[in-house]
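Undergrad: pasting a predicted model and its sequence here:
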Amino acid sequence: MRDADGFYFFRGRDDELVKISGQWVHPLEVQLCLADHPAVRECAVLALELPDRRMTLKAFVAMNDDAFDPEQATRMLQDHVKQKLLPYKYPRIIQFLPELPKTGTGKIDRQTLSQSAVIDASPSLIPTAVYPEGFRRSPGADPSATAALAKGVTP
């Protein structure tokens, strides 16, 4: 990204782009926004595939203060991202950790986070698709049908 003065800024890799609600999002951009919040000690934002094959963002956050209300903190951080960035870029799921896992060199271990990115949030925090009455999903949208087609089996 280039600013008005001609300086270039790194905003993330193209291969890390995630399509959320029909819009492209850089998880790193959301992570940098969350890290700017004064209550956040450190964070990481990763793309997460939901059971219905949609993509969303999941934030792993270590807060500065250990005594906080998770529901209130989730709303506060989501609102912060919505105000600083575009509203659709906020992380739909936020998991609070006492400490983020680190590699041997002290960097955030994204591989460990991505392996533990299984949806363990309560169902109320997971966005659900709302289909109009009478709407039929295409067979390609059904994960079991897609898996069967990949194996050459007709569902």
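TA: Great, that's in hand.

Undergrad: give me the pLDDT value at Gly152.
TA: Listed pLDDT for Gly152 reads 46.

Undergrad: hey, which helix is longest across the chain?
TA: Longest helix in the chain by number of residues (criterion: DSSP state H): helix 70-84.

Undergrad: mean confidence for that one?
TA: Helix 70-84 comes out at a mean pLDDT of 96.

Undergrad: got it, and stretch 7-18?
TA: Here the average pLDDT along stretch 7-18 is 66.

Undergrad: mind listing the helices for this protein?
TA: Ranges of helices in the chain, per DSSP H, are 27-35, 70-84, 110-115, 143-151.

Undergrad: ranking those helices by burial, who's on top?
TA: Mean neighbour count (mean count of other C-beta atoms under 10 Å) peaks for helix 27-35 among these, with a mean of 21. Using the backbone N, CA and C atoms, a C-beta is placed for each residue, glycine as well.

Undergrad: could I have it exported to CSV, CA atoms only?
TA: Output of helix 27-35 as CSV, limited to C-alpha atoms (Å, rounded to 0.1, in the frame of the first residue of the first chain):
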residue,chain,number,x,y,z
PRO,A,27,-6.4,-10.8,8.7
LEU,A,28,-3.2,-8.8,9.5
GLU,A,29,-5.0,-5.5,9.0
VAL,A,30,-7.6,-6.6,11.6
GLN,A,31,-4.8,-7.9,13.9
LEU,A,32,-3.0,-4.5,13.8
CYS,A,33,-6.2,-2.7,14.6
LEU,A,34,-6.9,-4.9,17.6
ALA,A,35,-3.3,-4.5,18.8
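
Undergrad: hmm, Leu85 is touching Cys33, no?
TA: Yes. Using C-beta atoms under 8 Å, Leu85 is in contact with Cys33, at 5.5 Å.

Undergrad: run a quick neighbour tally on the closest residue in space to Val61 that isn't next to it in sequence.
TA: With C-beta to C-beta, 6 or more residues apart in numbering as the criterion, Val61 has its nearest non-adjacent residue at 4.5 Å, and that residue is Cys43. Neighbours of Cys43 under the rule other C-beta atoms under 10 Å: 24.
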